[in-house]
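A structural model of the following input is requested.
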Amino acid sequence: MIFTYISRQLGKFQRTARLAGSGIRRPAAARTLLLGLAMSLLVGSLLAVTSLDARSRTVLDLDTRIQPVALQDWGDYWIDNTGRFTPEQVAGTESIPWKPTRGEAIYPVTSGQAMWVRFNVPPAPDAERWYLEVPYPSIDRASLYTLDGAGQWNEQRAGDLVAVNKWPVPHRHPLLPIALSAEVPTKYLLRLENGHAFSVPLQFISESRLSYSEQRVSLILGIFFGLTGLAALISALGAVSLRDTAYGFYALCVTLLGLTQATVTGIAGLHLWPAWPEWSDVSTSVLPMLTMSATLLFISAATSLYERSRRLHWLMVGQAVLGALTAVVLAVIPAASRMDVFIPIMLLLQFSGMLVLGWAWRRGDRFAPWLMLAYVPVLIAAGWTLARNAELVPIGFLTQHGMQLAVALHLPIVMLVLMLRSQHRRENTRRIQGLDRVDPATGLINGHVFAERLFRMIARSERLRHQSAVMIIDLVNTEQIQRDFGRKAADELPLRVAERLLSTAREIDSAARLSERRFGMLVEGPFSAEDAGTLGPRIVARCLMPYKGLHVDCVAQVHVAYALVPHNGSNAQGLLTQLEERLASAPADSKRAVFMLGEAPPPRPPRRSRLGPRPL
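This is a model prediction of the structure:
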C-alpha cells in the first residue's frame with residue numbers, strides 16, 4: 001500500500017516536471033511540484049513509522065520447547081502515580097496512556113505508586129500448567145488479576161510485603177499461576193509495587209520446565225551456601241583455637257554475607273523467615289550494610305592496624321559503627337529513601353576499606369595485597385548491584401548471580417591468607433618465646449643453654465665411658481674487615497660464621513653463639529683426640545672459604561680452642577673458663593688457629609720499649 005501511494009506521487013511529480021519544462025503555467029507547476037514532494041515525504045514517513053511500530057510488537061507464544069517465554073513488548077504498562085486505581089478502574093478507563101512493555105526497561109516506580117501491566121494470553125494447549133514468573137525476589141508486591149466468568153477480577157498476591165507462606169506458590173521470587181484456554185484468549189492485569197525503580201523481565205514458564213530450572217539453581221546455590229557455611233565454621237574454630245580476632249571478624253563477615261545472598265536470591269524469605277514480610281522487605285538493605293561494617297573490622301584486624309596506627313584503627317571502628325547505625329536507619333525510613341542513604345554510605349565504607357589495605361601494603365604488610373586481590377571481584381559485583389539499584393543497568397544474570405560468583409572466588413583466597421597469616425604469627429610467637437634460649441640473629445642457642453647442654457654431655461660421657469669435645473670459636477678479624485670492606489660486611493660476617501658452623505655440626509651436635517664474636521660447639525662422642533685434631537682445622541678452613549655475595553677476600557679468620565671431656569675435666573663452668581683463657585692467651589697475629597686445652601701456651605714475644613734498649 002505504501003509503495004502504491006509513493007508510485008502515484010512520483011507519477012504526479014513527473015507530469016508536473018514535464019509541464020514545468022514545456023513552459024506552461026510554470027509558477028503553478030513549481031508550487032504543485034514542491035507541495036507534492038512534501039506531501040509524499042510526510043505521508044510516506046508516517047506510514048513507514050506506523051508500519052514499523054506495528055511490526056515491532058511480538059506475539060506471545062507459550063511454546064514448551066522454548067522456555068522461559070518472555071513477555072517482551074506483547075504487554076502494555078502504565079504507572080499509576082496515585083497508587084489507588086483498582087483493576088475495574090484500570091480495565092474500564094480508556095484514556096490511560098498505555099505503553100509497550102520492554103524486557104530490559106527500568107521502570108521509575110517509587111513508594112505510593114503502582115505499575116500496571118495488561119496482557120492477553122492467546123489460545124494455547126492447556127495440557128500443562130503455566131506460571132507468570134517475576135524474577136525479582138526483592139519486589140515489594142506483585143498482584144495478578146484474572147477476569148472470571150462473572151466479570152470479577154480475582155487476585156493472586158506475592159512479594160516482600162506478603163508472607164511467603166501465603167503466596168499462591170511459595171518460591172524464591174513471585175510465581176503466579178495462570179489459566180489457559182485452548183479456544184479464547186485470556187485477559188490479565190498485573191499490579192507491581194516497589195520502593196524504588198526496578199527492572200522486571202516478566203516471563204512465562206511451564207511446570208515441568210520450572211522443576212528442571214529449580215534443580216539447576218538449587219545445585220548452584222547449594223554449592224555457594226555450602227562453601228560459605230564451611231568458611232564461616234572454619235573461621236569460627238580458628239578464632240577459638242588460635243585466639244585470633246581476625247578469624248572471628250571474618251566468621252561474622254561470611255555469616256552476614258551468606259544471609260545477604262540468601263535474602264537477595266529469595267532463599268531466606270522462603271526458608272528462614274517465611275512469615276516475616278516486614279523483615280524480608282528491609283533485610284535487602286540492612287544486611288549488606290552490616291556485612292560492610294564487619295568487613296571493616298576484619299580488615300583492621302587482619303592488617304594489625306591497632307599495632308600500626310591506633311588513630312587509623314579507631315577511625316575504622318568509627319566507620320563500622322556508622323555502618324551499623326545506618327543499618328538501623330534503613331530499617332525505619334521509607335522505602336523510597338533507602339537507596340539515597342544506602343548507596344553513598346556503602347561507597348564510602350568500601351573506599352575506606354580498600355584505602356586501608358593500600359596503606360598497609362605501602363608499609364610492608366605482606367598479606368594486604370592478597371586481601372586487595374580477594375576483594376576486587378566482590379567490589380566489581382557490588383558495584384554492578386549498586387548500578388542496578390541506581391537505575392543505571394537492568395536486571396540480568398550479573399545482577400542476580402554476579403555476587404555469588406565473586407564470593408566463590410573471594411573465599412578461598414581469604415582463607416589461604418588467614419592460614420598463612422596464622423602460621424606466620426605462630427612462628428613469631430615461637431621466636432619471642434625462645435629469645436631466652438636462642439640467639440635471634442643467628443638462630444643458635446645462647447650461652448645459658450650451651451652451659452646446660454655441656455653439663456649433660458659431660459654426664460653422658462662419664463656414664464657411657466667415652467670422650468666428647470667442647471669447642472670455643474673466636475672471630476678475630478672483624479676490625480680488619482670493617483676497615484677494608486665497611487661496617488655492613490663486618491656486621492654480616494658473624495652470621496656467615498654461624499651458617500658455616502651449622503653446616504659443619506652433625507644433628508646430634510650443638511652450636512651456640514656466646515657473644516658478638518664468640519661461638520661454641522658441643523661434639524657428642526665417642527670422640528678421639530685425633531678426631532678433635534681434625535675437626536678444629538676443618539672449622540677454620542670452612543670459615544676461610546669465600547662467601548656468596550661478599551668479596552673474595554672478605555672471609556672469617558677464627559681461633560678454635562677445644563677440650564675433651566671428661567678427660568680434661570668434669571666441671572662445665574671451669575672448662576669454659578679455661579677455654580676462654582686459652583684463647584685470650586693466644587697472640588692476635590698468631591698463625592696458629594687451633595689450640596687444645598692442656599698443652600702449654602706458646603711464648604709471647606718480648607715487648608719492645610718505645611724508648612729503645614736500656615743503656616748498660
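
all strands of the stretch 401-550 of the chain, in order?
Secondary structure of the stretch 401-550 of the chain, counting by DSSP state E, counting those that start in this stretch: strands at 468-475, 510-513, 518-523.

for those strands, give me TSV that also has distance to Leu221.
(Glycine included, C-beta is placed from N, CA and C.) Output for the strands of the stretch 401-550 of the chain, formatted as TSV (distance: least, C-beta to C-beta, whole Å):
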stretch	distance to Leu221
strand 468-475	66
strand 510-513	59
strand 518-523	63
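
in CSV: these, plus mean neighbour count and distance to Phe455.
Shown next, in CSV, are the strands of the stretch 401-550 of the chain (neighbours: other C-beta atoms under 10 Å; distance: least, C-beta to C-beta, whole Å):
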stretch, mean neighbour count, distance to Phe455
strand 468-475, 24, 11
strand 510-513, 23, 12
strand 518-523, 23, 10
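
nearest to Ser300, of those strands?
When the strands of the stretch 401-550 of the chain are compared by C-beta to C-beta, strand 510-513 sits nearest Ser300, at 38.4 Å.

what's the closest non-adjacent residue to Ile299?
Gly353 (5.2 Å; C-beta to C-beta, 6 or more residues apart in numbering).

just after the host helix or strand of the one you found, pick out the following helix or strand.
Assigned by DSSP states H and E, Gly353 belongs to helix 338-362. Proceeding N to C from helix 338-362, the next assigned helix or strand is helix 368-389, under DSSP H and E.

can you give me the mean pLDDT across that next one?
If you average the pLDDT over helix 368-389, you get 85.

buried ones in that helix?
For helix 368-389, the neighbour count (16 or more other C-beta atoms under 10 Å) marks 368, 370-372, 374-375, 377-379, 381-382, 384-386, 388-389 as buried.

what is the neighbour count of Glu155?
14 (other C-beta atoms under 10 Å).

now swap in Asn165 and tell me
Burial of Asn165 is recorded as 11 neighbouring residues (other C-beta under 10 Å).

one more: the one 3 residues further on?
Using other C-beta under 10 Å, Pro168 has 15 neighbouring residues.

flag the shaky bits of the chain, pLDDT-wise.
The model of the chain has pLDDT under 70 over residues 1-56, 388-399, 431-435, 588, 599-616.

break it down into its domains, please.
According to automatic domain parsing, the chain comprises the domains 2-56, 69-209, 213-433, 447-596.

any idea which of those domains gets closest to Leu62?
Using C-beta to C-beta, the nearest of those to Leu62 is domain 69-209, at 4.5 Å.

Glu193: which of the strands of the stretch 401-550 of the chain is closest?
Each of the strands of the stretch 401-550 of the chain has some distance to Glu193 by C-beta to C-beta; the shortest is strand 510-513, at 77.5 Å.

re earlier: out of the domains of the chain, which is closest to Asp63?
Comparison of the domains of the chain against Asp63 by C-beta to C-beta identifies domain 69-209 as nearest, at 6.7 Å.

quick one, phi/psi of the nearest residue in space to Glu193 that is not next to it in sequence?
Excluding the flanking residues, the one nearest Glu193 by C-beta to C-beta, 6+ apart is Arg141, at 4.3 Å. The phi and psi values for Arg141, taken as degrees, to the nearest 10, are phi -150, psi 140.

now for Arg141: which residues touch it?
Arg157, Ala158, Gly159, Asp160, Leu161, Val162, Arg191, Leu192, Glu193, Asn194 (C-beta atoms under 8 Å, 6 or more residues apart in numbering).

hmm, back to that, tell me which of the buried residues of helix 368-389 is nearest to Ile234?
Ala374 (15.5 Å).

if we can go back for a sec, of the strands of the stretch 401-550 of the chain, which is nearest Lys99?
Minimum separation from Lys99 across these (C-beta to C-beta) falls at strand 510-513, 85.3 Å.

looking at the strands of the stretch 401-550 of the chain, which is closest to Val117?
strand 510-513 (82.8 Å).

can you list contacts of that closest one?
Residues beyond strand 510-513 that count as contacts (C-beta under 8 Å, 6+ apart) turn out to be 439, 441-442, 444-447, 449-450, 453, 494, 498, 501-502, 505, 519-522.

now stretch 217-232: how far from the chain's centre is it?
16 Å (C-alpha atoms, centre = their mean, to the nearest Å).

what comes up buried for it?
So, applying 16+ other C-beta under 10 Å, buried residues of stretch 217-232: Leu221, Phe224, Phe225, Leu227, Thr228, Ala231, Ala232.

same thing with stretch 408-416?
His410, Leu411, Ile413, Val414, Met415.

which ones are touching the second one?
Right, Leu411. Contacts of Leu411 by C-beta under 8 Å, 6+ apart are Leu227, Thr228, Ala231, Val254.

now do the same contact list for Pro334.
Neighbouring residues of Pro334 by C-beta under 8 Å, 6+ apart: Ser111, Gly195.

residue contacts, the nearest residue to Ala451 once chain neighbours are set aside?
Excluding its sequence neighbours, the residue lying closest to Ala451 (C-beta to C-beta, 6+ apart) is Ala572, at 5.8 Å. Taking C-beta under 8 Å, 6+ apart, we find Ala572 in contact with Ala451, Leu454, Phe455, Ile458.

one more: Ala336?
Contacts for Ala336 were tallied using C-beta under 8 Å, 6+ apart; they are Thr110, Ser111, Gly112, Gly195, His196.

now the fourth one: how far from Ile333?
Taken as C-beta to C-beta, to the nearest Å, the spacing of Gly195 relative to Ile333 amounts to 10 Å.

more neighbours: the two, which one.
Neighbour totals were compared for Gly195 and Ile333, and Gly195 leads with 25 against 15 (other C-beta under 10 Å).

what's the spacing between the residue nearest to that one when sequence neighbours are not counted and Pro274?
Spatial nearest neighbour of Gly195, chain neighbours left out: Ala335 (2.4 Å); criterion: C-beta to C-beta, 6+ apart. For Ala335, the distance to Pro274 (C-beta to C-beta) stands at 21 Å.
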